[in-house]
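1. dropping a prediction and its sequence here:
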Amino acid sequence: MDMMDLNHLSPMASDETAALLFICGDQYLFRHRAKNGAVVYKFVSPAAVRAAFAEETIDTGWLPSNVRRWGIGKRGEWIVITFPPQKHRFSFVGEGDNTRSTGAIELRPYEIPMPALAFFGYGQRYYLWAFKDNELGSETMLFAAPLPNLDANGAICFGGNVVPKASAKTIGEVWRLILASPFTNHSVNGKSREYPNDVRTQLMCLAEKRRRCYPLDDLVSLNRTAERVISEAVRQ
């Protein structure tokens, strides 16, 4: 084999002990630091790389019963769980009667019906969408979840709260954090067809009238399928 010029490789970082580098074509290069501090290079065949990773066991642990998809991307695990149409208890920052004081913040708790929801986590990014189908599938059309504090693409704003990286073990913990955190007046528009300027008006009406179901014709379509939205989020 002809000698390969390795001068173009980035230098080994001071805290790096070993690395597997993809050179070109089907060539891999294993770089590690010897006991005397010297940097040692060794070419590794693709077959050897496959064999090494084949020995690595991947176990998600016990998955929540509402998991629809799970995978691994460049940021780590990603997972999608769903919730059927049901009432959820949400709190909103507000003033007036029937409020619960928490420090300087007045919170108003409500039991609010929600449509079916898809909750997606990847790295430390989390998204929430609504859907109308009985089950979430690849061709299911997604809608904006009718809640504040969500970007136009469904990304959740956690404010100052620190959330763990998404995994099968942590997704339930993050969902409980969402239920426990108060919603504010951020990103309230574009979530309701009847009340396009502020979805909270719709939510308050449903809660005060004790509606059992969210009106599906009020949902704002994202005009994209679950497959497309999730694939785009994983590629980010």
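-> Now that the structure is in, tell me what you want to look at.
2. lowest average confidence, helix or strand, in this protein?
-> For the chain, scoring each helix and strand by mean pLDDT, DSSP states H and E identifies strand 100-102 as the least confident one, at a mean of 47.
3. and the longest strand seen in the chain, what does it pack onto?
-> Longest strand in the chain, counting residues (DSSP state E): strand 105-114. Contacts of strand 105-114 with other secondary structure elements, assessed using 3 or more Cβ pairs under 8 Å, 6 or more residues apart in numbering; DSSP states H and E, are made with strand 86-93, strand 100-102, helix 199-208. In this view, the C-beta of every residue, glycine as well, is placed from N, C-alpha and C.
4. pop the domain breakdown of this structure in here.
-> If you go by automatic domain parsing, the domain ranges for the chain are 1-56, 67-235.
5. most tightly packed of the ones you listed?
-> domain 67-235 (a mean of 16; mean count of other Cβ atoms under 10 Å).
6. can you tell me which of the domains of the chain has the worst average pLDDT?
-> For the domains of the chain, the stretch scoring lowest in mean pLDDT is domain 1-56; its value is a mean of 68.
7. on the three-state scheme, the closest residue in space to residue 200 that isn't next to it in sequence is what?
-> The shortest distance from residue 200 to any residue other than its chain neighbours is 5.7 Å, reached at residue 188 (Cβ to Cβ, 6 or more residues apart in numbering). Assigned with DSSP: H, G, I helix; E, B strand; the rest coil, residue 188 falls in the coil class.
8. assess the claim that residue 188 and residue 199 are in contact.
-> Yes. With the criterion set as Cβ atoms under 8 Å, residue 188 and residue 199 qualify as a contacting pair; they are 5.5 Å apart.
9. what sits in contact with each of these two?
-> Counting by Cβ atoms under 8 Å, 6 or more residues apart in numbering, the common neighbours of residue 188 and residue 199 are residue 148.
10. mind checking how far stretch 168-183 is from the chain centre?
-> On the basis of Cα atoms, centre = their mean, to the nearest Å, stretch 168-183 is displaced by 11 Å from the centre of the chain it belongs to.
11. to clarify, my last question referred to stretch 117-126.
-> Once both centres are worked out by Cα atoms, centre = their mean, stretch 117-126 turns out to sit 2 Å from its chain's centre.
12. endpoint to endpoint, it covers what distance?
-> Start and end residues of stretch 117-126 are separated by 13 Å (Cα to Cα, to the nearest Å).
13. swap in stretch 137-147?
-> Stretch 137-147 has an end-to-end distance of 22 Å (criterion: Cα to Cα).
14. other residues contacting that stretch?
-> Residues contacting stretch 137-147 (Cβ under 8 Å, 6+ apart): 90, 114-115, 117-118, 128-133, 150, 152, 154, 183, 190-192, 199, 202-203, 214, 218-227, 229.
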